[in-house]
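**Student:** quick one, what's the 3D model for this:
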Amino acid sequence: MLQGLSSVLAALGALALASCAALDSDVHLAPVYTRIATADGGTLVEIAGGLYRQHRRDEGQFLEWQTLAPLWGIERERNGDYVAEHPFLLGRTRAMGDDQNSYIVPLYLSWNRTAANGTDRSVLLTLPGVILQKNGDEHHGGWFPFYGRFEDLLTFDEASFVLWPLYVHNERAGHESRHLLWPFFGWTTGGGETSWHFFPLYGHSRWEGRYDRSYALWPFFHWQDNNLAGGTEEPEKAWWFFPFFGKKQRGTYEAWTFLWPFFGYARDTRSGFWALDCPFFLVRLQHGPDETKRTRFWPVYSHLEAPELESTNYLWPFVNLRHEDDPLQERDAVTVIPFWQTWDARNKATGETSAWRKLWPLFRYERQGEWSNGALLELDPFFRNDIWPRHVTSFFRIWEWEQEPAYRRERAVLGLYRHEQGRGEDRRSLSGLWADRRYELEGQPVHETSLLFGLLRWRVTEGQGFAMLRPAFPGPGWPRPAEPGTAAESRTYF
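**Tutor:** Below is the predicted model:
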């Protein structure tokens with residue numbers, strides 16, 4: 001009896017193994033697990049309805065992208081470059097060749113790069129105020145606010161501090177500055193500049209050939225002489241008794257301010273420019289130069305006309321109408337925050353047109369030349385971007401598609417339905433229940449069907465008729481397409 005039972009189990013095991021799908025064939029068990037060959041020449045793996053996704057390309061510069069929404073995601077190029085988002089979209093790591101930068105807000109910020117002379121440079125900033133720097137064989141660092149010394153950091157050639165703000169020292173382009181109890185006491189020398197300040201009582205700064213500026217009882221009294229070297233810009237004089245009255249004059253240009261920010265007026269008799277602010281920023285009337293006109297009654301209405309731009313706002317920032325016409329492209333856009341975004345553009349060099357539509361949260365559509373894509377139920381409320389659609393909102397889409405002449409891709413909610421058309425084949429499947437494959441073999445149309453997790457499969461070939469296929473559990477078990485992926489790489493994430 002035991003021998004008979006063993007024989008039955010062995011036979012069932014052999015049957016199960018014989019009916020299993022090949023390791024590289026299509027498996028569609030959404031929302032649990034999906035692995036399919038994509039129409040753009042890659043392989044897609046999807047788990048838990050799209051919470052984890054990986055799309056790997058067989059050719060081209062792009063290698064793969066992976067996401068574990070919304071915790072982590074990475075996009076890799078074949079040359080080793082990559083961009084990673086982590087965690088919860090508050091961090092990013094980007095590697096381009098020998099250069100890399102990384103951050104997680106507010107925990108740390110770091111970058112590594114190779115200078116033109118081959119020197120390796122890196123900076124690391126972490127909480128609570130630790131700063132580490134490597135410049136070739138030299139190492140610098142500090143612990144803010146106690147002590148720190150650095151070279152070639154941000155815009156400074158050298159920077160240091162001791163018990164900040166007690167003492168701060170920096171050098172930049174030949175200018176050397178020292179501060180005691182920053183910002184109250186400080187002075188700068190070198191590089192043609194001489195300055196000192198005893199804030200807020202008095203400060204004076206002079207840069208040979210550029211400017212001579214002073215203030216007293218900041219912010220009340222200011223006077224400046226700018227553009228001292230002349231050249232293409234005329235010398236400028238300015239003074240201001242804040243907030244009561246101020247004046248600026250440069251050649252034929254004059255500007256006045258009264259009881260800032262309530263009243264301001266500027267004019268240039270040579271160019272015909274004039275502008276009136278009453279009050280500043282909220283209301284502005286401007287004309288010229290170069291046919292530039294501005295009318296602003298913020299936030300109710302504003303309108304700008306410039307040689308390459310016309311823009312109108314209603315109830316800023318909610319409604320904007322925009323027309324751009326520059327040497328590169330012509331573009332029209334309409335935005336009604338947060339519900340409606342649209343633009344249409346034409347490349348003047350190639351004649352290629354592109355378009356964008358989003359009716360939040362119902363649908364999104366994008367087209368560039370012969371490529372297009374769209375989605376139903378697009379929850380991303382922001383302007384066009386990759387981060388939120390890739391890591392957060394794609395999981396909730398009801399239907400999405402992507403198309404260009406060489407392929408078409410479709411996906412329904414949680415990946416339950418898929419359509420991949422390209423590489424000489426047309427594949428459609430409904431998770432576990434049904435799958436359809438159409439292609440040509442030696443010029444003859446072939447139609448294959450898979451039912452019930454690949455347990456029941458058959459083929460109909462024109463001129464040859466009907467034939468059963470062996471089971472391929474869990475199905476549908478279609479092999480990789482014989483034709484290579486000749487289309488441009490997929491630009492969306494499903």
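
**Student:** ranges for the helices of the stretch 151-300 of the chain?
**Tutor:** Taking DSSP state H, counting those that start in this stretch as the criterion, the stretch 151-300 of the chain carries no helices.

**Student:** and what of the stretch 301-450 of the chain?
**Tutor:** Here the stretch 301-450 of the chain has its helices, by DSSP H, counting those that start in this stretch, at 387-391.

**Student:** so what pairs up with residue 239 in the strands?
**Tutor:** Beta-bridge pairing of residue 239, defined through DSSP bridges, involves residue 223, residue 247.

**Student:** what is the neighbour count of it?
**Tutor:** Residue 239 sits with 15 neighbouring residues when counted by other Cβ atoms under 10 Å. Using the backbone N, CA and C atoms, a C-beta is placed for each residue, glycine as well.

**Student:** list the residues that contact residue 32.
**Tutor:** Under the criterion of Cβ atoms under 8 Å, 6 or more residues apart in numbering, the neighbours of residue 32 are 47, 48.

**Student:** wait, doesn't residue 285 sit right on residue 267?
**Tutor:** No. Contact criterion Cβ atoms under 8 Å: residue 285 and residue 267 do not qualify, at 12.0 Å.

**Student:** so for the two, which sits in the more crowded spot?
**Tutor:** Looking at residue 285 and residue 267 with other Cβ under 10 Å, you find the greater number of neighbours at residue 267, namely 18 against 15.

**Student:** from residue 295, how far off is that one?
**Tutor:** For residue 267, the distance to residue 295 equals 17 Å [Cβ to Cβ, to the nearest Å].

**Student:** again with residue 160
**Tutor:** Look at residue 160 and residue 295: by Cβ to Cβ, they are 50 Å apart.

**Student:** among those two, which residue is more densely surrounded?
**Tutor:** In terms of neighbours (other Cβ under 10 Å), residue 160 is the more surrounded of residue 160 and residue 295; the figures are 19 against 15.

**Student:** still on that earlier bit, quickly list what's touching both of residue 285 and residue 267.
**Tutor:** Between them, residue 285 and residue 267 have residue 275 as joint contacts when contacts are counted by Cβ under 8 Å, 6+ apart.

**Student:** now do stretch 197-204: distance to the chain's middle.
**Tutor:** Its chain's average C-alpha position is 43 Å from that of stretch 197-204, according to Cα atoms, centre = their mean, to the nearest Å.

**Student:** ok, now stretch 38-50?
**Tutor:** Relative to the mean C-alpha coordinate of its chain, stretch 38-50 is positioned 23 Å out (Cα atoms, centre = their mean).

**Student:** first to last residue in it, what's the distance?
**Tutor:** Start to finish, the residues bounding stretch 38-50 are 15 Å apart (Cα to Cα, to the nearest Å).

**Student:** pLDDT on that stretch, on average?
**Tutor:** Summarised as a single mean, pLDDT over stretch 38-50 is 92.

**Student:** how about stretch 293-312?
**Tutor:** Looking at stretch 293-312 alone, the average pLDDT works out to 95.
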